[in-house]
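> give me coordinates for this.
(one chain, ligands or ions: 2)
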Amino acid sequence: MLVDNIRNFSIIAHIDHGKSTLADRILQITGTVPDRDFRPQYLDKLDVERERGVTVKLQAVRIRHIRAADGQEFALNLIDTPGHVDFSYEVSRSLAACEGALLLVDAAQGIEAQTLAHFYLARDTGLVIIPVINKIDLPTADPDRVRDEIELVLGIDGSEAVEVSAKEGTGIKELMDAIIDRVPPPKVDAGPARALVFDSHYDTYRGAIAYVRLFSGSINKGDKVRFMASNRESEAVEIGVFAPDMTPLQTLGPGEVGYVIANIKNIKELSVGDTVTLASDPAEDLLPGYRKLKSMVYCGFFASEAENYEDLRDALERLALNDSSLEFEPESSSVLGFGFRCGFLGMFHMEIVQERLEREYGINLVATAPTVIYRIHMSGDKMIEIKNPSEFPESLKVEKVEEPFVRSVVMCPEEFIGPVMELAKDKRGRFVSMDYISENRVKMVYLMPLSEVIFDFYDKLKSCSRGYASLDYEFDSFIESDLVRLNILIGEKSVDSLSMIVHRDSAYYKGRRIVEKLRELIPKHMFVIPIQAAIGNRIIARETINAVRKNVTAKCYGGDITRKRKLLERQKEGKKRMKNIGNVEVPQEAFLSILQVEKEK
Ligand SMILES: Nc1nc2c(ncn2[C@@H]2O[C@H](COP(=O)(O)OP(=O)(O)O)[C@@H](O)[C@H]2O)c(=O)[nH]1
Ligand SMILES: [Mg+2]
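Numbers count the residues shown, from 1 in each chain. Ligands and ions are numbered 1, 2, ... in the order given. Next comes the predicted model:
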């Protein structure tokens, strides 16, 4: 394909503004997916995406388009992206492979927090941005107001916006023309072949597959390619494009988006952000890759059965190839054994990773409560960063503790200013600014402790604004806070996987609630079990589980031995999911009790 007839663009928007639906319409109108194969949200391929109706992965697809006006043929490479703040890394990687972006705005809702965040990303990447006002079929649609917001908030001429209904297909033809007219063809650099690896996935039979965007030169089937960062060379046994499924080709030319399969069985040899070149005529420098994002939230993942530790490691390695923002390193706990401390971009990301491990890799997991990174300053200028509360040093040498604060942006109709301010104050937020983005909608900015934002700030925000407020946040800085380590003791034994770092003001309340929760969750034993919460050596809350003599077969009077056996079997099954702390058996749910308590206040 001639470079002049290629267009590479992403669809970006706030969550639920209709990206995947618009991609559907474009796939249908261009006949990329025949009607008999079509299913809504076509590009959402993962089980978790289809079930939840939300995109968490970028998805590239190549579209053949004939321009109606003159019958010219174009190759459009479209990348659908997620809208949720936890998956912004997918968005930024998609944008680096494109020259243009369709910025979708819901005609009834207007500009939301993520619209703005993604707009800045696209603008800073230097892309041409086409504003698209979607859902004009809705009775509550107000495209004129949205046009004004686009001018006021984004500083783009409102008349540039294209009005569509992705659902009904209105305006899609006009949009296709706008894409071809306004998005420039790829700029091709001179010199040897260089392709940016913007994503990848692991296939059991074919190994690691690289998704690439060529910035110069071509790659042919059978060429010996070199992955520059890992310095690995091998034959490109297959190359091709997503159309929408993997479709082999002989050549990928300059400016094109596609995939390369090079028999990579060792996962460590392929990394997202790497540059692919030809071994026979190698490029000198790598393309600028990606800035690795810092994880925001950490938790421990342990296989439910200790013997599945290796499976968990394999699954994490493979998943990380498809989710390059996932971080993990080995960890051990006195109760849960060997596992991994994993880093995520947020709680939703953590939930999705956990679900993908369970569903796509069949791993049964125990996850410990999430935490953020803390900076601990000790006497003598020593500073340590901890991502596990059990590493919090319990000595007098701690001089101060800092926690990460985020700059959070909330957008909502003005009638909710009061409740939002109230909530932000509750979460230790510090007010920064407030501006009107249209006649009756505002944008509020707060500095807030990340640990308060991750748990349930978003849910609470939604409920105090009847669903109208939207949120975006990004790391700002580490700020000193009065934080203490809260220890939980079961049967006098301190449990590392249950300790947490909390603000001193809420330590008493949280300690109290956790011991109450644990008392409900831990079954009675044949002896008394004290459950305590402590700061250092000082006990601040205590509950007791009384002793009982438990015999599950007691109710089986009469002589049916098989029934008795079944009951005993079932009891044994239940025991498998228990973890031993001293001689106390603790159910797995107990490890998540912290999370529930965090969400209460
Ligand atoms: N009425 C109407 N609903 C739409 C339109 N486009 C998308 N939707 C609906 O909006 C919701 C979110 O759409 P989706 O494409 O998943 O949004 P995404 O999160 O941006 O990918 C779905 O329920 C769609 O059916 C439209 O043009 N009109
Ligand atoms: Mg989507």
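
> and the next helix or strand past the helix ranked longest in the chain?
Criterion DSSP state H: the longest helix present in the chain is helix 504-521. As assigned by DSSP states H and E, the chain's next helix or strand after helix 504-521 is strand 529-535.

> relative to helix 504-521, how tilted is whatever helix or strand comes next after that next one?
Moving toward the C-terminus from strand 529-535, the next helix or strand (DSSP H and E) is strand 538-545. Counting by axes from the mean of the first three to the mean of the last three Cα atoms, to 10 degrees, strand 538-545 lies at 20 degrees to helix 504-521.

> strands of the stretch 301-450 of the chain, start to end?
Per DSSP state E, counting those that start in this stretch, the stretch 301-450 of the chain carries strands over the ranges 327-333, 337-344, 365-367, 374-378, 382-386, 398-413, 430-438, 441-449.

> mind putting these into CSV with mean pLDDT, distance to residue 233 and mean neighbour count?
C-betas here are computed from N, CA, C, even on glycine. Formatted as CSV, the strands of the stretch 301-450 of the chain follow (pLDDT from 0 to 100; distance: least, Cβ to Cβ, whole Å; neighbours: other Cβ atoms under 10 Å):
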stretch, mean pLDDT, distance to residue 233, mean neighbour count
strand 327-333, 93, 28, 17
strand 337-344, 94, 31, 21
strand 365-367, 88, 37, 21
strand 374-378, 94, 42, 18
strand 382-386, 93, 38, 13
strand 398-413, 95, 41, 20
strand 430-438, 94, 51, 13
strand 441-449, 96, 48, 20
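
> about what we covered before: what helices or strands is the longest helix of the chain leaning on?
strand 483-490, strand 529-535, strand 538-545, helix 593-600 (3 or more Cβ pairs under 8 Å, 6 or more residues apart in numbering; DSSP states H and E).

> what angle separates it from strand 529-535?
170 degrees.

> circling back: so which of the strands of the stretch 301-450 of the chain comes closest to ligand 1?
Among the strands of the stretch 301-450 of the chain, the nearest to ligand 1 by Cβ to the nearest ligand atom is strand 398-413 (16.7 Å).

> need the phi and psi values for the closest residue to residue 141 other than its chain neighbours.
Excluding its sequence neighbours, the residue lying closest to residue 141 (Cβ to Cβ, 6 or more residues apart in numbering) is residue 107, at 3.7 Å. Main-chain torsions, residue 107, degrees, to the nearest 10: phi -70, psi -20.

> gap between the closest residue to ligand 1 within the stretch 501-601 of the chain and residue 510?
Nearest to ligand 1 in the stretch 501-601 of the chain, going by Cβ to the nearest ligand atom, is residue 599, at a distance of 24.5 Å. Separation of residue 599 from residue 510 (Cβ to Cβ, to the nearest Å) stands at 11 Å.

> of the two, which one has the most company?
More crowded of residue 599 and residue 510, by other Cβ atoms under 10 Å: residue 510, with 21 against 11.

> let's have the helices and strands packed on helix 504-521 in JSON lines, adding distance to residue 24 and mean pLDDT.
Formatted as JSON lines, the helices and strands packed on helix 504-521 follow (distance: least, Cβ to Cβ, whole Å; pLDDT from 0 to 100):
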{"stretch": "strand 483-490", "distance to residue 24": "48", "mean pLDDT": "93"}
{"stretch": "strand 529-535", "distance to residue 24": "51", "mean pLDDT": "94"}
{"stretch": "strand 538-545", "distance to residue 24": "53", "mean pLDDT": "94"}
{"stretch": "helix 593-600", "distance to residue 24": "35", "mean pLDDT": "76"}
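
> what about those, which gets the closest to residue 32?
Nearest to residue 32 among the helices and strands packed on helix 504-521 is helix 593-600; the distance by Cβ to Cβ comes to 42.6 Å.

> now the strands of the stretch 301-450 of the chain as a markdown table including distance to residue 82?
Shown next, in a markdown table, are the strands of the stretch 301-450 of the chain (distance: least, Cβ to Cβ, whole Å):
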| stretch | distance to residue 82 |
| --- | --- |
| strand 327-333 | 18 |
| strand 337-344 | 14 |
| strand 365-367 | 22 |
| strand 374-378 | 29 |
| strand 382-386 | 28 |
| strand 398-413 | 18 |
| strand 430-438 | 24 |
| strand 441-449 | 22 |
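
> let me have those strands in TSV, extended by distance to ligand 1.
Listed next are these as TSV, based on distance: least, Cβ to the nearest ligand atom, whole Å:
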stretch	distance to ligand 1
strand 327-333	26
strand 337-344	20
strand 365-367	26
strand 374-378	34
strand 382-386	35
strand 398-413	17
strand 430-438	20
strand 441-449	20
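
> can you give me the distance of residue 140 to residue 175?
Residue 140 sits 22 Å away from residue 175, going by Cβ to Cβ.

> do residue 277 as well
Distance from residue 277 to residue 175, by Cβ to Cβ: 36 Å.

> and the two? which has more neighbours close in?
Using other Cβ under 10 Å as the criterion, residue 277 and residue 175 rank with residue 277 on top: 25 against 22.

> nearest residue to that one in space, please, no chain neighbours.
Residue 277 sits nearest to residue 283 (Cβ to Cβ, 6+ apart), 4.3 Å away.

> what pLDDT does that neighbour get?
If you check residue 283, the pLDDT there is 94.

> quick one: low-confidence parts of the chain?
Counting by pLDDT under 70, the chain contains low-confidence residues at 549-561, 563-564, 567-577, 601.

> residues of this protein that sit close to ligand 1?
13, 15-21, 41, 53, 55, 83, 134-135, 137-138, 165-167 (Cβ under 6 Å from any ligand atom).

> list the buried residues in the host helix or strand of residue 477.
In this structure, residue 477 sits in strand 470-481 according to DSSP H and E. Judged by neighbour count using 16 or more other Cβ atoms under 10 Å, the buried positions of strand 470-481 are 470, 471, 472, 473, 478, 481.

> name the nearest residue to the third one, ignoring sequence neighbours.
This means residue 472. residue 113 is the one closest to residue 472 (Cβ to Cβ, 6+ apart), at 3.7 Å.

> tell me the contacts of that neighbour?
When contacts are counted by Cβ atoms under 8 Å, 6 or more residues apart in numbering, residue 113 touches 14, 85, 409, 410, 411, 470, 471, 472.

> which of those residues sits closest to ligand 2?
Looking at these and their distance to ligand 2, the nearest is residue 14, at 10.8 Å (Cβ to the ion).

> you'd agree the closest one is up against residue 409?
No: judged on Cβ atoms under 8 Å, residue 14 makes no contact with residue 409 at a distance of 11.9 Å.

> how far away is residue 335 from ligand 1?
39 Å (Cβ to the nearest ligand atom, to the nearest Å).

> hang on, that residue packs against residue 579?
Yes: look at residue 335 against residue 579 with Cβ under 8 Å: they come within range, at 5.4 Å.

> which residues do those two both contact?
Joint contacts of residue 335 and residue 579 (Cβ under 8 Å, 6+ apart) are residue 586.

> shouldn't residue 463 be within a helix?
Yes: secondary structure of residue 463 (DSSP: H, G, I helix; E, B strand; the rest coil): part of a helix.
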